[in-house]
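>>> Kindly return the folded structure for what I paste below:
(one chain, ligands or ions: 1)
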Amino acid sequence: MTDELTFVSSLARRLGPAPAGETWAGDDAAVVRPPAGELLLAIDPMVQGVHFLETTADVGWAAVARNVSDIAAMGGRPLHALVSIVLPPGADVALLLDGLVEAHEGLCPIVGGDTSSGATLVITVAVTGTVDGTPVLRSGAHPGDLLFVTGPLGGALTRPPPRLAAARAARRAGATAMIDVSDGLSLDLRRLADASGVGVALDAVPMADGASWDDALGRGEDYELIFAAPDRDAVLEAFASLEPPIEIGVCTADPGECRLGDGPLPEGGWEHRW
Ligand SMILES: [Mg+2]
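The predicted structure is shown next:
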């Protein structure tokens, strides 16, 4: 399946009917009801040859999942997704469409999309969300706040789930800053620390089964969350019905400090380049 119109009509047909009062794919714009609280917006492009090689169903799934993970990282939940696809001549995106439909059913409703022809296959997904309370930014951590991750890092799951329930628990526990691990612990933790103007001192890096040291520090796409919170007991209470997060260290007052044990936290992680 290569034709642009075929792609759009196939996607629209497979998304199913919109809820009463809403209009999804098929009109000039989707019509949905806005949330009562804050509106969260996230967007992320995936480029063939940069982010993926083959147009598998997992790519379609991941295009939505990585945005849902960004919504989770604010302590929120996803509402609606829009998909834009650039198709090179001869592209076979039947599997990619399957993955999008699976994400529509399992992660976040896709309410519309559009397509164009171009030299390189690019799939861009935008997701809206909302948060029941105050969004958790990257920038709110204070010296003395404890640092947690929601699970061991560097795992090679094909479709890791965005940590929506854990994110909400972290927000309820009073998380002061949060980020999802999309480019590796080493890089994403620095982003949180830089945004907050704090340093970090880690005791340990929890590693997933089979993960190498480089995987644990530098691999993203497992959607685990890093968050800072001042009260350990409040965190454990908020996570009582979930897998408890792993305490990895503490925020410090020196913004130049980025330490693992007695040494520096090794650099690593996926750096986006232009
Ligand atoms: Mg993110």
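
>>> how about the helices of the stretch 151-274 of the chain, start to end?
Taking DSSP state H, counting those that start in this stretch as the criterion, the stretch 151-274 of the chain carries its helices at 164-172, 185-196, 213-218, 232-238.

>>> Between those helices, which one is closest to the ion.
Closest approach to the ion among the helices of the stretch 151-274 of the chain is made by helix 185-196 (7.4 Å; CB to the ion). Any C-beta I mention is one placed from the backbone N, CA and C, and that applies to glycine too.

>>> I'd like to know the average pLDDT value across that closest one.
On average, the pLDDT along helix 185-196 is 96.

>>> who touches it?
Helix 185-196 is contacted from outside by 137-142, 147, 149, 153, 176-182, 199-200, 202, 205, 216-218, 220, 226, 228, 251, 255, 258, 265-271, using CB atoms under 8 Å, 6 or more residues apart in numbering.

>>> and it, is it in reach of the ion?
No. Helix 185-196 is not in contact with the ion by CB under 5 Å from the ion; minimum separation 7.4 Å.

>>> What is the one helix or strand Asp98 maps to packed up against?
Here Asp98, judged by DSSP states H and E, is contained in helix 94-106. Using 3 or more CB pairs under 8 Å, 6 or more residues apart in numbering; DSSP states H and E as the contact test, the elements touching helix 94-106 are helix 4-15, helix 57-72, strand 77-87, strand 110-117.

>>> do you know which of the ones you listed lies nearest the ion?
The nearest among the helices and strands packed on helix 94-106, by CB to the ion, is helix 57-72 at 4.3 Å.

>>> tell me the angle of that closest one relative to helix 164-172?
With axes from the mean of the first three to the mean of the last three CA atoms, to 10 degrees applied, the angle from helix 57-72 to helix 164-172 works out at 10 degrees.

>>> Go back to the contacts of helix 185-196 and keep what's next to the ion.
180, 182.

>>> Would you list the buried entries among the contacts of helix 185-196?
Among the contacts of helix 185-196, the ones that count as buried by 16 or more other CB atoms under 10 Å are 137-138, 140-141, 147, 149, 153, 176-182, 199-200, 202, 205, 216-218, 220, 226, 228, 251, 258, 265, 268-269.

>>> Which ones among the residues you listed map onto strands?
147, 149, 177-180, 199-200, 202, 226, 228, 251, 258 (DSSP state E).

>>> any idea which of those is closest to the ion?
The nearest one, if we look at these relative to the ion and count by CB to the ion, is Asp180, at 4.4 Å.

>>> List the contacts of that closest one.
Going by CB under 8 Å, 6+ apart, the list of residues near Asp180 reads 69-70, 72-73, 162-163, 188, 223-226.

>>> Contact partners for the spatially closest residue to Val205 that is not a sequence neighbour?
Of all residues not flanking Val205 in the chain, Ala216 sits nearest, at 5.2 Å (CB to CB, 6 or more residues apart in numbering). By CB under 8 Å, 6+ apart, the contact list for Ala216 reads 152-154, 185, 205-208.

>>> Quick check: the two most widely separated of these?
Within the contacts of Ala216, Leu185 and Ala208 form the most distant pair, 11.4 Å apart (CB to CB).

>>> and for those two, which residues touch both?
With CB under 8 Å, 6+ apart as the test, Leu185 and Ala208 both reach 153, 216.

>>> who's more crowded, the two?
Set Leu185 next to Ala208 and count neighbours by other CB atoms under 10 Å: Leu185 wins out with 28 against 18.

>>> Check the gap between the more buried one and Ile43 for me.
24 Å (CB to CB, to the nearest Å).

>>> for Ala193, same thing?
In terms of CB to CB, Ala193 sits 25 Å off from Ile43.

>>> between those two, who's got more neighbours?
Set Ala193 next to Ile43 and count neighbours by other CB under 10 Å: Ala193 wins out with 26 against 13.

>>> Contact residues of the stretch 101-250 of the chain facing the ion?
So far as CB under 5 Å from the ion goes, the stretch 101-250 of the chain lies against the ion at 180, 182.
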